[in-house]
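# Need the 3D shape of this:
(one chain, ligands or ions: 1)
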Amino acid sequence: MYRPRWMNEELGILSDHVARFYAAEMVPNEERWREQGHVDREFWRKAGEAGILCASIPEEYGGAGGNFYHEAVLLTEQYRATGVSGFSNSIHSQIVAHYILNYGTEDQKRRWLPKMATGELVTAIAMTEPGAGSDLQSIRTNARMDGNSYVLNGSKMFITNGQLADLIVVVCKTDTEARARGISLLLLETEGAEGFRRGRNLEKIGQHGSDTSELFFDDVRVSPDNLLGGVEGQGFYQLMQQLPQERLVIGIRAAAVMERAVEDTIAYTSQREAFGKTLFDLQNTRFKLAEAKTTAHIARVFIDDCIERLVAGELDVATAAMLKWWSTQMQCDVVDECLQLHGGYGYMKEFGIAQMYADARVQKIYGGANEIMKELIARSLTE
Ligand SMILES: Cc1cc2nc3c(=O)[nH]c(=O)nc-3n(C[C@H](O)[C@H](O)[C@H](O)COP(=O)(O)OP(=O)(O)OC[C@H]3O[C@@H](n4cnc5c(N)ncnc54)[C@H](O)[C@@H]3O)c2cc1C
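Numbering: from 1, shown residues only. Take a look at the predicted model:
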């Protein structure tokens, strides 16, 4: 099996530990989570106890004191476990926690990170709105000062962890006249927040174990202490700085799912017989799987290079965009080929490959649509 060059003994032990944790605590529950439309709240606590939440947050803030190599191991094992997983730890630990760590005031870090590490707080990030997705600068959700608090108004769309979140990073305008410079990140503590409402858990074609919601803010009062970093107008800059890491997270998932899809398909075609031999004995099957394995391998090599660059502080926007569009496109292509080799069974929901197929599609849309990724790369061509 492919082993990254950066994988050392400590990371190998972590990999075995989390693989056992996911096999015992996640895999047996996935089907039930898909039916109920979200992961159990209790699972977040268990993940906290197992040291899976906030792995790359310093110990002084309750995290495990690791870096992105640790996060990469956790993500890879999570998606290799079944190829489908509703546990949106990436939003919580690899995205929201890093906004707070990198831009939060000391008080904000101490207030929220330790509870995020135990799973006491589940978090979400709310950028997208019904009228603004790719064009983030045109969001309309706004927060204006009134007396000694902000008053938050607007709505958000497609928010992962939206049903369970106790703490939401709300991307809003603190200056409605400005575009990028008017954007701030306001952290909303949902418990007892008057005027805050969660819409229903949206019905998706895949990723059923992960909840996705519309959120509504109607004159919600938020303390200025919850403005990330304490200075208005920094939100767009903060978002742009974090996006390469978010796109790398999506790429790691893509590679892990490709590997799992290939493994499942080798196993299936090796036992299914047609024309007096196994499907795996047919040259087309062998060649398709050889191609899929090669693609998964190239993705892994590219991703490992990006992981090393990220840890060194050198992952640039264009390279992260290349990884995001290419790996997710390859994920969709590989999973589609693998489904084909399952025949009719591949179209049945009870087969993992069918769920991987449905789950894969949105990888090309969220985290910045793949067309936006190509725009970012194209812009870098003449720099
Ligand atoms: C399951 C799921 C989970 C999500 N989780 C979150 C979350 O946790 N938080 C959050 O904030 N958002 C989340 N999103 C939202 C996601 O990030 C947006 O859907 C995405 O950014 C695209 O925005 P949009 O849907 O408004 O599409 P639009 O912006 O309307 O774009 C539609 C399509 O138009 C094309 N397009 C748009 N702009 C350009 C351009 N400049 N050049 C060329 N083509 C273009 C692309 O093909 C694009 O897919 C989630 C979405 C889904 C489906």
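# Contacts for stretch 174-183, please.
Outside stretch 174-183, the residues within contact range by CB atoms under 8 Å, 6 or more residues apart in numbering are 136-140, 142-144, 150, 171-173, 184, 186, 227, 232-233, 235-237, 239. C-beta coordinates here come from the backbone N, C-alpha and C atoms, glycine included.
# Generate a PyMOL selection restricted to the buried subset of those.
For the buried members of the contacts of stretch 174-183, the matching PyMOL selection, counting by 16 or more other CB atoms under 10 Å, is:
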select buried, resi 136+139+142+143+150+171+172+173+184+186+227+232+235+236+239
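# Which of the contacts of stretch 174-183 fall within strands?
Cross-referencing the contacts of stretch 174-183 against strands under DSSP state E gives 142-144, 150, 171-173, 184, 186.
# can you pull out the strands in the protein?
Listed in chain order (using DSSP E), the strands of the chain are 123-126, 142-146, 149-160, 167-173, 183-189, 196-201, 212-222, 273-274, 277-278.
# quick one, phi psi at residue 350?
Note on residue 350: its backbone torsions stand at phi -70, psi -10 [degrees, to the nearest 10].
# what about it, distance to the ligand?
Between residue 350 and the ligand the computed distance is 22 Å (CB to the nearest ligand atom, to the nearest Å).
# tell me the contacts of that residue?
Residues touching residue 350, when contacts are defined by CB under 8 Å, 6+ apart, are absent altogether.
# near the ligand, which residues of the stretch 1-150 of the chain show up?
By the criterion of CB under 6 Å from any ligand atom, the positions of the stretch 1-150 of the chain lying close to the ligand are 91, 124-128, 133-134.
# what's near enough to touch residue 2?
Contact partners of residue 2, counting by CB under 8 Å, 6+ apart, are 259, 297, 300.
# Tell me how many other residues crowd the second one.
Spelled out, it's residue 297. Using other CB atoms under 10 Å, residue 297 has 15 neighbouring residues.
# Got the phi and psi for the closest residue to it other than its chain neighbours?
Using CB to CB, 6 or more residues apart in numbering and skipping residues adjacent in sequence, the residue nearest residue 297 is residue 2, 6.2 Å away. In terms of degrees, to the nearest 10, the main-chain angles of residue 2 are phi -60, psi 130.
# quick one: average confidence on the lengthiest helix in the chain?
With residue count as the measure and DSSP state H as the assignment, the chain has helix 235-271 as its longest helix. This predicted structure assigns helix 235-271 an average pLDDT of 97.
# For the ones in strands among the contacts of stretch 174-183, which two are the farthest from each other?
In those, two members sit farther apart than any others by CB to CB. They are 144 and 171, at 15.5 Å.
# Tell me the pLDDT of residue 1.
On the pLDDT scale, residue 1 is placed at 75.
# How about the contacts made by it?
When the contact criterion is CB under 8 Å, 6+ apart, residue 1 has no partners at all.
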